[in-house]
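> After the sequence you'll find the predicted model.
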Amino acid sequence: MLSPFGQKLPPVRAARILSIDALRALTVLVMVMVNEWSGVPGLPQWMRHMPATADAMSFVDAVFPSFLFIVGMSIPFALQQRYRAGDSVWQVQGQVLLRGAGLVLIGFFMVNAEDGFNASAMPVSIALWKLLSYGAAFLLWGSLSGGKNFAWPWRVVGLACFALLAWLYRGGADGSGGMKPQWWGILGLIGWAYLIACGVYQVVRGRVLGLMAGVAFCIAYFVLQRLPAVAASPGLSWLFSQDGHFVHAAIVLCGVLCSMIFFDESRAASAGQRQAWALALAALLALAATALRPEFKISKIHATPSWALYSAAASLLIFTLLYQWIDVRGCKLWPALLGPVAAQPLLAYLLPFVIGAAMQWAQLSWPSALHEGGVGIAFAVLYSLGVAWGVGLLCRRGVRLSI
């Protein structure tokens, strides 16, 4: 398996790894749950995002980083699969670019559907506009047969739908504006971080020390952006203006590191040794976060290095526990419920947004009692389980959504 520089990438375990599936599925479902919690007033702070200036994080602030972490864990396996299928180096790079661009595109449309639009100037309702954008995404990357994505004619239709929706969009106070990246959305942020991490992984040829240097580089990029000399130079300010993307990429690279520690087949080691290395890395990440915290406070909103490294350390510890429980001890974690979510995380993530847009278009809403107090908390848990059940049902019918 060759990098763009003609040098081999280390082989990773080819068989499906249930602990990775479990972490992926749990992360997606917890994200669905906390999204529902956001509509419940009066929740304790540990069940909500911390304010941007709080110098603190709740477990809710660690959900998105866990998503980034699991994206990183998947990179060595995904690239290996492409190379072993016979793809050339440049075909693989093209696939990486298309996947990252697809995530950015969906995120861009989702953000503009939530804010910045002028409802009175839109030729169609924003609810219908949302539904059509999800339909366009499905035409581009979906399947109804359980196999390959739709044929190219349908994918061209999907791309044309995106273009039409962009043309129909009206934004700004007077409705004369168009779509713009107010921020990139969760999927868009994942897309940018994925592109950076894939590049770093291949440049350092999957080596652990090289990946650690990549994490350090991403953190240094954030720090450099705040130096007075950089802030005073228009050129340097522009060069270092993507600090958030690089911090997110650092979390993705920590996920890559986790996969290389546990599943690099070029390194002979026992399960116990690999777990010890993982714990040592988690401790190192936590120490680095602690060292950076006095200068760069913990903040998910500002994507600070301390938040990123603490989150990556937590994800590493959680995965180590899952690996010990599932892969080493052979325990199962509701495979019938979590399996479809693990196999179709994008479908699982988007399904609640599709349901919300459909209800908005039909002028329906959940009873207000389902978003109050303990009932609201319980409803969010049950709703996330219902999403898991719905994804399983769709998968059994052959529905797939994969970029």
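It's in.

> What separation is there between residue 377 and residue 383?
Residue 377 sits at a distance of 11 Å from residue 383 (criterion: C-beta to C-beta, to the nearest Å). From N, CA and C alone the C-beta is placed, and that goes for glycine too.

> Was I right to think residue 74 contacts residue 21?
No: contact between residue 74 and residue 21 fails when scored by C-beta atoms under 8 Å: they sit 10.3 Å apart.

> Neighbour count: those two, which is higher?
residue 21 (21 against 18; other C-beta atoms under 10 Å).

> helix/strand/coil for residue 146?
Of the three states, residue 146 takes coil according to DSSP: H, G, I helix; E, B strand; the rest coil.

> neighbours around it, how many?
11.

> The closest residue to it other than its chain neighbours: neighbour count?
Nearest residue to residue 146, sequence neighbours excluded (C-beta to C-beta, 6 or more residues apart in numbering): residue 398, at 3.8 Å. If you count neighbours by other C-beta under 10 Å, residue 398 ends up with 11.

> Specify the local secondary structure of residue 398.
Assignment for residue 398 (three-state DSSP): coil.

> what sits against it?
Neighbouring residues of residue 398 by C-beta atoms under 8 Å, 6 or more residues apart in numbering: 143, 144, 145, 146, 147.

> try 6 Å
Listed by C-beta atoms under 6 Å, 6 or more residues apart in numbering, the contact partners of residue 398 are 144, 145, 146.

> Could you dump the residues you listed into JSON lines with pLDDT and distance to residue 118 added?
Below are the contacts of residue 398 laid out as JSON lines (pLDDT from 0 to 100; distance: C-beta to C-beta, whole Å):
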{"residue": "144", "pLDDT": "94", "distance to residue 118": "35"}
{"residue": "145", "pLDDT": "88", "distance to residue 118": "40"}
{"residue": "146", "pLDDT": "84", "distance to residue 118": "41"}
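
> the strands in the stretch 301-403 of the chain, which residues?
For the stretch 301-403 of the chain, the strands defined by DSSP state E, counting those that start in this stretch cover 400-401.

> Check the stretch 1-150 of the chain too.
142-143.

> any weak-confidence spans in the stretch 301-403 of the chain?
The model of the stretch 301-403 of the chain has pLDDT under 70 over residues 333-334.

> Roughly how far does residue 87 sit from residue 194?
18 Å.

> Looking at the two, which one has more neighbours?
Between residue 87 and residue 194, counting by other C-beta under 10 Å, residue 194 is the more crowded of the two (24 against 15).

> so that one makes contact with residue 100?
Yes: the pair residue 194 / residue 100 is scored as a contact, 5.1 Å apart, by C-beta atoms under 6 Å.

> what's the burial count for residue 273?
The burial count for residue 273: 12, using other C-beta under 10 Å.

> Going forward, count from 52.
Right, with 52 as the first residue, what we last looked at is residue 324.

> gap between residue 328 and residue 374?
12 Å.

> Comparing the two, which residue is more hemmed in?
residue 374 (24 against 19).

> Which residue, other than its chain neighbours, is closest to that one?
Nearest non-adjacent residue to residue 374, counting by C-beta to C-beta, 6+ apart: residue 70, 4.5 Å away.

> For the one you found, give me its contacts.
Here residue 70 is in contact with 373, 374, 377, 378 (C-beta under 6 Å, 6+ apart).

> Check the separation of the first and last residues in stretch 132-148.
16 Å (C-alpha to C-alpha, to the nearest Å).

> cool, and stretch 222-235?
16 Å.

> May I see the buried residues of that stretch?
222, 230, 235 (16 or more other C-beta atoms under 10 Å).

> Count the residues that sit near residue 365.
19.

> Next: the one 5 residues further on.
Applying other C-beta under 10 Å, we find 25 other residues in the vicinity of residue 370.

> And for residue 361?
Neighbour count of residue 361, defined by other C-beta under 10 Å: 23.

> ok, now which ones touch the closest residue to it other than its chain neighbours?
Closest residue in space to residue 361, ignoring its immediate chain neighbours: residue 340 at 4.5 Å, by C-beta to C-beta, 6+ apart. Contacts for residue 340 (C-beta under 6 Å, 6+ apart) come out as 357, 360, 361.

> where does residue 340 fall, helix, sheet strand or coil?
helix.

> follow-up on the earlier one: among the contacts of residue 70, which one lies nearest to residue 418?
Closest approach to residue 418 among these (C-beta to C-beta): residue 373, at 36.1 Å.

> Which residue, other than its chain neighbours, is closest to the closest one?
Residue 373 sits nearest to residue 70 (C-beta to C-beta, 6+ apart), 4.4 Å away.

> List just the nearest of the contacts of residue 340 to residue 309.
residue 360 (13.7 Å).

> Spell out the residue ranges of the helices in the stretch 102-251 of the chain.
In the stretch 102-251 of the chain, the helices defined using DSSP state H, counting those that start in this stretch lie at 114-135, 140-165, 177-192, 203-219, 236-254.
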